[in-house]
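Participant: Requesting a structural model of the entry that follows:
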Amino acid sequence: MATSPPYPTHPTGPAGGALRHAHWWQRKAVRYGALITLLTLSGLVILALVREQTGTEGFLVGLGLAVLPVPLLIAAFRWLDRVEPGPWRNLLFAFAWGACAAALIAIVANSFATRWIATATADPSSADTLGATVIAPVVEESAKAAAVLLVFLFRRRDFTGLVDGVVIAGVTATGFAFTENILYLGTAFGTDQITGGSGIASVTAATFFVRIIMSPFAHPLFTVLTGIGFGIAALSGDRRRLRRVLLPLSGLLLAMGMHAMWNGSSAFGPYGFFAVYGAIMVPAFGLLTWLVIWTRQRELRTVREELPAYAVAGWLTPGEPFALASMRARRLARQYARRCGGRQAAREVARYEAYATSLAFLRHRGRRGRAGADFVVREQELLGELWRRREIARPALDHAARATAPPVPVVAAPWPAHGTYGYPAQPAYQPSAAYPAGPYPAYNPYRS
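Facilitator: Coordinates of the predicted model:
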């Protein structure tokens, strides 16, 4: 009788001695503390700068209006990440970096560059145009790309493919756009206070329509191109170093180019903005949305193709690969666990689903020769996480697999549905000269 594999053994420390103690700057607490301090200081400085430019009342108005698209954008990126959801701390870091650090870098660098160009050329109007179309795209996209680079380098296990790059880049850009919208909307409100504008004809209403209604996806769209470059690089093998460098740079250059075209659309005539919006921005947004959704479906197909190997080995039940490859089945499994064991059980099932997905992606990379040197160690860790949660997760996933199994088509029999065993009923036997009444021996088809 086949038995389930034993609990996997975890790797021990380096052979030949005790574990090495990391230097103080390599400790997680020190790194997290430095990062939180940096982001906090950046947030305080950017808060002071924005409030100085907009005033307290303008800041509050801008804050109230700029926050409206944020939950929708975060929910959209989180939905894309549902197949293998990354940890919330990565998303919090990305949003905080975009809203605080990247926004501060952009404000300081853009102001300095614009003033320098105006002084050098003695033409403030051309300096503003050059700053908006050349300097701002380079500075802002580089500042936002830094967050994607940091996650790519230091949270490599959470950055495994194209969707991860899109989500981190999109959330970073959402935070950046949030701070920038506060500044623009607050400044517009201050202008209306001076000029007496109000209602639909006000500068605030026009700014709100353009930035919040028409183009809340603009900054995320630009930076997602950088994220796609990093995501494709994450799928490359460790030996393809040139490709892992050129792909993110190519995505960053595309992001800068689209950003420059968007900022310079007003220079294309009175209808330049609408032409760029309709001919470039909307089609690009639709194309990227299709690409990400297609990649999401491809991830589910990878789960369905890779996990059966672990079911054969006994780590998973036969129905789990099919349930884990369906978002509907996953949701039903969590609901079943919540009904039977409460919220904690539902959370454990969600973690089980995430670990199983990571295991499928790891095996997929390993079969293609793209896994790292820690493939075996990582596989054991993921199998261990699944094994610890099997008592809670297996009944829920088996229930979901049965609930979402495709119905088996039943073909109607070509004969009438009466008689014995599907055959038509025959008239009663009547003895005759040819076939007199019995008894007869039992019929045996194997008797010669």
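
Participant: which one is the residue nearest to the spatial centre of the chain nearest to, not counting chain neighbours?
Facilitator: Centroid-nearest residue in the chain, with C-alpha atoms, centre = their mean: Asp81, separated by 2.8 Å. Of all residues not flanking Asp81 in the chain, Val167 sits nearest, at 4.7 Å (C-beta to C-beta, 6 or more residues apart in numbering). No exception for glycine: its C-beta is placed from N, CA and C like everyone else's.

Participant: Flag every buried residue along the helix or strand bottoming out on mean pLDDT in the chain.
Facilitator: Least confident helix or strand, the chain: helix 124-130 with a mean of 76, by mean pLDDT, DSSP states H and E. For helix 124-130, a neighbour-count test (16 or more other C-beta atoms under 10 Å) marks 127, 129-130 as buried.

Participant: Which is the succeeding secondary structure element to that helix?
Facilitator: helix 136-154 (DSSP states H and E).

Participant: Give me the helices and strands touching the strand or helix carrying the residue nearest to Asp81, please.
Facilitator: Following DSSP H and E, one finds Val167 within helix 162-195. Counting contacts by 3 or more C-beta pairs under 8 Å, 6 or more residues apart in numbering; DSSP states H and E, helix 162-195 is packed against helix 28-66, helix 70-80, helix 88-96, helix 103-121, helix 136-154, helix 203-208, helix 218-235, helix 282-306.

Participant: again, 6 Å this time
Facilitator: Counting contacts by 3 or more C-beta pairs under 6 Å, 6 or more residues apart in numbering; DSSP states H and E, helix 162-195 is packed against helix 28-66, helix 70-80, helix 88-96, helix 136-154, helix 203-208, helix 218-235, helix 282-306.

Participant: Ranking those by mean neighbour count, which comes first?
Facilitator: Comparing those by mean neighbour count (mean count of other C-beta atoms under 10 Å), helix 218-235 comes out on top with a mean of 26.

Participant: residues of the helix or strand just after that helix that come out buried?
Facilitator: Where DSSP H and E defines the elements, the next helix or strand beyond helix 218-235 is helix 241-263. Residues of helix 241-263 classed as buried by neighbour count (16+ other C-beta under 10 Å): 244, 247-248, 250-252, 254-256, 258-263.

Participant: now the helices and strands packed on helix 162-195 in TSV, with mean pLDDT and distance to Arg334?
Facilitator: Formatted as TSV, the helices and strands packed on helix 162-195 follow (pLDDT from 0 to 100; distance: least, C-beta to C-beta, whole Å):
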stretch	mean pLDDT	distance to Arg334
helix 28-66	90	30
helix 70-80	93	15
helix 88-96	94	17
helix 136-154	94	27
helix 203-208	91	38
helix 218-235	93	27
helix 282-306	91	16
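
Participant: who wins for proximity to Ser111 among those?
Facilitator: Closest approach to Ser111 among the helices and strands packed on helix 162-195 (C-beta to C-beta): helix 28-66, 9.5 Å.
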